[in-house]
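J.: Mind folding the following:
(one chain, ligands or ions: 1)
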Amino acid sequence: MRTLSSPPGPKGHLLGDNLREYARDPLGFLSSCAQEYGAVVELRFMGQTLYLLSDPGLIEYVLVENNRTFSKTRILKRNRRLLGDGLLISEGEFWRRQRRLAQPAFHRKRVDAYGDVMVAFAERSLEAWRDGQTLDVHEEMMHLTLEIVAKCLFDADIGARATDVGKAMKVALENFSSQRRLIRIPRRVPTPQNFRFEMAARKLDEIVGTIIENRRKSGEDRGDLLSMLMLAEDDSGERMTDKQLRDEVMTLFLAGHETTANALCWTFWLLSLAPDADAKLAEELERMLDGRSPTMSDLSNLPYVERVVKESMRLYPPAWVVGREAIAECEVGGYRMPAGTTALMSQWVMHRDPRYHEAPERFEPDRWTAEYAKALPRFAYFPFGGGPRQCIGAGFAMVEACLILATVAQRYRMDLAPGQKVEPYASITLRPKEGIHLTLVKRSRGG
Ligand code: HEM
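T.: You can find the predicted model right below:
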């Protein structure tokens with residue numbers, strides 16, 4: 001390999017470490033690094049070297065072209081207690097096999113069939129909503145998307161347990177963010193925080209365990225993802241162990257609802273701040289649906305609904321950063337990348353880059369014309385990642401977000417509740433720091 005120099009980067013504090021600045025404001029820090037130092041920026045977090053890549057071609061190189069030189073990061077793998085060896089963090093042949101097994105549940109035709117469940121659950125939630133009521137839309141959406149993923153993939157009615165899961169998820173995500181601290185306390189040390197995390201993890205284990213156990217008892221093949229995973233046999237005729245099943249179900253459970261819930265609550269909030277976009281959305285829904293419930297086949301006639309969702313995920317990408325670790329030395333953007341270096345690729349940074357998105361801070365659903373999308377470099381907008389590890393639920397999530405938005409926005413407009421300060425909190429996902437409290441205003445039909 002040619003002799004290459006190191007990328008530029010901020011000086012940092014203690015022994016050149018940047019973790020403190022990053023931990024204080026991850027979104028702002030990464031954005032300013034990209035702005036100041038360019039396409040490849042070197043960072044150091046507690047002795048570990050990271051390269052922030054902010055160029056579509058370089059991101060494509062890591063996620064697609066040269067994906068075999070990279071693995072998932074150690075940071076992500078610290079979440080083994082919850083995610084086990086599920087799809088999100090498993091690697092190699094095992095990952096490939098599991099992905100192949102799960103894939104049919106996400107085929108276009110299957111996702112189409114989930115549409116009715118999505119709308120039915122959204123309508124069930126709406127039954128409890130009242131004109132003038134103020135809600136935490138984040139909490140509502142977490143509840144709803146959890147119920148949907150449990151029903152569609154595992155044919156389980158989570159109902160009352162959704163609140164338990166929501167609480168446990170919150171603790172688990174706080175725990176993830178705390179790993180950014182300069183001093184990380186190992187899981188096995190009995191601190192109050194570790195204790196809370198363990199309790200939350202056990203609660204989730206119990207809920208997922210019950211879903212699996214009930215299906216085992218019934219012995220029925222319901223043709224859903226759970227049955228598919230349970231009945232699959234490898235080359236030697238072995239079926240998945242309970243632990244493997246648990247890991248996959250837990251991963252899909254967690255990856256499959258928080259992200260979509262975030263996408264939706266950011267969408268409702270952005271619409272509350274943009275009356276023109278909101279009016280345009282209401283007009284499209286009224287014209288195309290005329291008061292009836294949306295179905296899958298309506299989606300192709302609701303282009304504005306899709307534009308709103310895309311634009312919301314541009315400004316507030318639920319997955320705001322993806323990371324990969326180099327398993328062998330390679331060259332990235334003219335710099336040497338030693339084995340063990342982590343590549344950070346941030347949707348937050350790329351989606352707000354003025355080179356690709358004009359007036360990037362503006363919420364402008366109308367920018368999403370077919371020409372706009374076509375002209376964008378592949379990784380100037382990548383809410384679902386890319387390459388072989390691209391989100392398996394991308395199609396599911398888009399359909400779900402569009403159908404829920406259409407169902408809700410047809411009936412209600414939402415206004416920001418007084419005194420609300422909405423701030424993004426960059427944990428493993430991008431969620432609102434203190435929820436999003438919006439007041440429901442019933443729409444009058446015909447205007
Ligand atoms: C708006 C909603 C969603 C967003 C923004 C999102 C985003 C992402 C991203 C960026 C990745 C790639 C991570 C990486 O490369 O390291 C990913 C992976 C994954 N997502 Fe999603 N996701 C969403 C919804 C869903 C849904 C609904 C499901 C399942 C029902 C799901 C299941 C998964 C799984 C299992 C993986 C790991 C795939 C693999 O490595 O083979 N996601 N998601």
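
J.: And for the closest residue to the ligand within the stretch 251-400 of the chain, the neighbour number?
T.: Using C-beta to the nearest ligand atom, the closest approach of the stretch 251-400 of the chain to the ligand is made by Gly393 at 2.2 Å. No exception for glycine: its C-beta is placed from N, CA and C like everyone else's. Counted by other C-beta atoms under 10 Å, the residues lying close to Gly393 total 24.

J.: which ones are touching the nearest residue to it once chain neighbours are set aside?
T.: Take Gly393 and drop its neighbours on the chain: the residue closest to it by C-beta to C-beta, 6 or more residues apart in numbering is Gly256, 5.4 Å away. By C-beta atoms under 8 Å, 6 or more residues apart in numbering, Gly256 lies in contact with 145, 149, 153, 393, 396-397.

J.: Narrow those residues to those in helices?
T.: Counting by DSSP state H, the contacts of Gly256 place 145, 149, 153, 396-397 in helices.

J.: Turn those into CSV, columns for neighbour count, distance to His13 and pLDDT.
T.: Listed next are the ones in helices among the contacts of Gly256 as CSV, based on neighbours: other C-beta atoms under 10 Å; distance: C-beta to C-beta, whole Å; pLDDT from 0 to 100:
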residue, neighbour count, distance to His13, pLDDT
Thr145, 27, 39, 95
Val149, 27, 42, 93
Leu153, 26, 45, 91
Phe396, 23, 43, 96
Ala397, 26, 39, 97
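
J.: any chance of the residues you listed in TSV, with distance to the ligand too?
T.: Below are these laid out as TSV (distance: C-beta to the nearest ligand atom, whole Å):
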residue	distance to the ligand
Thr145	8
Val149	5
Leu153	6
Phe396	5
Ala397	4
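
J.: about what we covered before: model confidence for the residue of the stretch 251-400 of the chain closest to the ligand, exactly?
T.: pLDDT for Gly393: 95.

J.: Am I right that it is in contact with Ala102?
T.: No: assessed by C-beta atoms under 8 Å, Gly393 is found out of contact with Ala102, at 9.7 Å.

J.: Now the common contact residues for the two.
T.: Leu252.

J.: and Gly223, how many neighbours?
T.: Gly223 has 12 nearby residues by other C-beta under 10 Å.

J.: how close does Leu229 sit to Trp95?
T.: 14 Å (C-beta to C-beta, to the nearest Å).

J.: between these two, which one's more packed in?
T.: For Leu229 and Trp95, the more surrounded residue by other C-beta under 10 Å is Leu229, and the numbers stand at 23 against 18.

J.: so the more buried one touches Arg100, yeah?
T.: No: Leu229 lies out of contact with Arg100 (C-beta under 8 Å); the separation is 11.4 Å.

J.: Quick check on Met337: phi, psi?
T.: Per-residue torsions, Met337: phi -120, psi 100 (degrees, to the nearest 10).

J.: For this structure, what lies in contact range of the ligand?
T.: Contacts of the chain with the ligand, taken as C-beta under 6 Å from any ligand atom, map to 87-88, 99, 149, 251-252, 255-256, 259-260, 263, 318-319, 322, 383-385, 389, 391-393, 396-397.

J.: Give me the subset of those residues lying in helices.
T.: 99, 149, 251-252, 255, 259-260, 263, 396-397.

J.: List only buried entries from the residues you listed.
T.: 149, 251-252, 255, 259-260, 263, 396-397 (16 or more other C-beta atoms under 10 Å).

J.: Just flag the most distant two among these.
T.: Thr251 and Ala263 (18.6 Å; C-beta to C-beta).

J.: quick check, Arg324 in a helix?
T.: No: with DSSP: H, G, I helix; E, B strand; the rest coil as the criterion, Arg324 is strand rather than part of a helix.

J.: what about it, how many residues close to it?
T.: Other residues close to Arg324 by other C-beta under 10 Å number 24.

J.: List phi and psi for the residue nearest to it when sequence neighbours are not counted.
T.: Counting by C-beta to C-beta, 6+ apart, Phe70 is the residue found nearest to Arg324 once chain neighbours are left out, at 3.8 Å. Main-chain torsions, Phe70, degrees, to the nearest 10: phi -130, psi 150.

J.: check contacts around Phe70.
T.: Neighbours of Phe70 in contact, by C-beta under 8 Å, 6+ apart: 62, 324-327, 343.

J.: swap in Arg389?
T.: Neighbours of Arg389 in contact, by C-beta under 8 Å, 6+ apart: 63, 67, 72.

J.: name the element Arg431 belongs to?
T.: strand 430-432 (DSSP states H and E).

J.: Neighbouring strands - and their directions - for that strand?
T.: strand 424-426 (antiparallel) (DSSP bridges).

J.: Show me what counts as buried in the strand it pairs with.
T.: For strand 424-426, by 16+ other C-beta under 10 Å, it's 424, 426.

J.: Repeat that for stretch 70-89.
T.: In stretch 70-89, counting by 16+ other C-beta under 10 Å, buried: 70-73, 75-79, 82-89.

J.: Pull the distance from it to the chain's centre.
T.: Stretch 70-89 has its C-alpha centroid displaced from the chain centroid by 15 Å (C-alpha atoms, centre = their mean, to the nearest Å).

J.: What average pLDDT does it get?
T.: The model assigns stretch 70-89 a mean pLDDT of 86.

J.: Just give the closest residue to Arg215, not the sequence neighbours.
T.: Nearest to Arg215 is Leu226, by C-beta to C-beta, 6+ apart, at 5.6 Å.

J.: what's around the one you found, how many residues?
T.: Neighbours of Leu226 (other C-beta under 10 Å): 25.

J.: Next: His143.
T.: Neighbours of His143 (other C-beta under 10 Å): 20.

J.: got a pLDDT number for Gln179?
T.: At Gln179, the pLDDT recorded in the model is 52.

J.: In terms of model confidence, name the weakest of the ones in helices among the residues of the chain next to the ligand.
T.: Ala255 (90).

J.: so who does the nearest residue to that one once chain neighbours are set aside touch?
T.: The shortest distance from Ala255 to any non-neighbouring residue, by C-beta to C-beta, 6+ apart, is to Leu88 (5.7 Å). Neighbouring residues of Leu88 by C-beta under 8 Å, 6+ apart: 72, 76, 251, 255.

J.: residue ranges for the helices of the stretch 101-250 of the chain, please.
T.: 108-126, 137-154, 162-178, 192-218, 225-231, 242-255 (DSSP state H, counting those that start in this stretch).

J.: Mind telling me which of those helices the model trusts least?
T.: Among the helices of the stretch 101-250 of the chain, helix 162-178 scores lowest, at a mean of 76.
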